[in-house]
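>>> Have a look at this prediction, sequence included:
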Amino acid sequence: MAEPCQLYLKVSITRPRLEAFLSREADSAACFRDLEQWLDGNHHRRGGLTWAELCELGQGTTAAAWVAGWSQHLRSPAWNHYDETTQTWSLGVLEFTESRDWILGSINVLRRIADFKDLPGTDYLLIYEYLFGKGSVVAAVELTPGASRILEEQPPPRLTAEADRMMNSLLRAMDVTATYAVQRIFDTDTHKRRC
């Protein structure tokens, strides 16, 4: 089983526009031509599905539904916060599945916030490996008012540093049961101690 990766999003946006984004159903991802190029850059991401089938991932769902699902995770916390002072929305998911369907679906749904972004500046959606991959980027999307693009280059170092701080806070807040604590020790132990 693949280890979970992490999702981080931080966007400058007014609350009314954020609410409009959260409640809007995502359309087909076919409008994002860079998504097809990103998939073609790593053939295992397609997994035998056609472009049309991949475009359906996330279609018909809302960002609010995705956020609610992450927020209701029984064991691992998620961060969903709007700062009224800075007019910034932050989202962090500590245990985001590494499934191709979830990654593509979330990119399709969440990058659409750029269409609602009404405050200046460049923001980012980052899916990366903090717990097990030591910073390896799965996908990074640049978000500007009215436009988004999947980065071909590495995201700015400050982005990964911000994401790391959030993931560290979520890790400290995690509800760790005894069974899960044993599993975590086993997963991260380089000597593979026997339980």
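Cool, got the structure.

>>> so residue 128 makes contact with residue 92?
No - using C-beta atoms under 8 Å, residue 128 makes no contact with residue 92, being 11.5 Å away. Where C-beta positions appear, they are placed from N, C-alpha and C, glycine not excepted.

>>> Quick check: neighbours shared by those two?
6, 8, 163 (C-beta atoms under 8 Å, 6 or more residues apart in numbering).

>>> So which of those is the closest to residue 102?
The shortest approach to residue 102 among the shared contacts of residue 128 and residue 92 belongs to residue 6, at 12.4 Å (C-beta to C-beta).

>>> Could you pick out the longest helix of the protein?
helix 157-173 (DSSP state H).

>>> Rounded mean pLDDT for that one, please.
Helix 157-173 carries an average pLDDT of 92.

>>> tell me which strands and helices it is in contact with?
strand 5-12, strand 78-83, strand 88-96, strand 123-128 (3 or more C-beta pairs under 8 Å, 6 or more residues apart in numbering; DSSP states H and E).

>>> Pretty sure residue 127 sits against residue 139.
Yes - using C-beta under 8 Å, residue 127 is in contact with residue 139, at 4.7 Å.

>>> Can you check which residues contact both of the two?
Contacts common to residue 127 and residue 139, judged by C-beta under 8 Å, 6+ apart, are 103, 107.

>>> how about the helices and strands packed on helix 157-173, which one is nearest residue 154?
Using C-beta to C-beta, the nearest of the helices and strands packed on helix 157-173 to residue 154 is strand 123-128, at 10.4 Å.

>>> Quick check: what element follows that closest one along the chain?
Beyond strand 123-128 on the C-terminal side, the first helix or strand identified by DSSP states H and E is strand 137-144.

>>> So which elements touch that following strand?
Using 3+ C-beta pairs under 8 Å, 6+ apart, strand 137-144 sits against helix 100-110, strand 123-128, strand 147-150.

>>> Can you show me the CA trace of the first one as CSV?
If I follow you right, that is helix 100-110. Provided in CSV are the C-alpha atoms of helix 100-110 (Å, rounded to 0.1, in the frame of the first residue of the first chain):
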residue,chain,number,x,y,z
ARG,A,100,-4.3,8.8,-9.0
ASP,A,101,-8.1,9.3,-8.9
TRP,A,102,-7.9,11.4,-5.8
ILE,A,103,-5.0,13.4,-7.0
LEU,A,104,-6.5,14.2,-10.3
GLY,A,105,-9.9,14.8,-8.9
SER,A,106,-8.6,17.2,-6.3
ILE,A,107,-6.5,19.1,-8.9
ASN,A,108,-9.6,19.4,-11.1
VAL,A,109,-11.8,20.7,-8.2
LEU,A,110,-9.4,22.8,-6.2
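
>>> Specify the angle between that helix and strand 88-96 in degrees.
170 degrees (axes from the mean of the first three to the mean of the last three C-alpha atoms, to 10 degrees).

>>> what comes up buried for helix 100-110?
For helix 100-110, burial by neighbour count (16 or more other C-beta atoms under 10 Å) applies to 100, 102-110.
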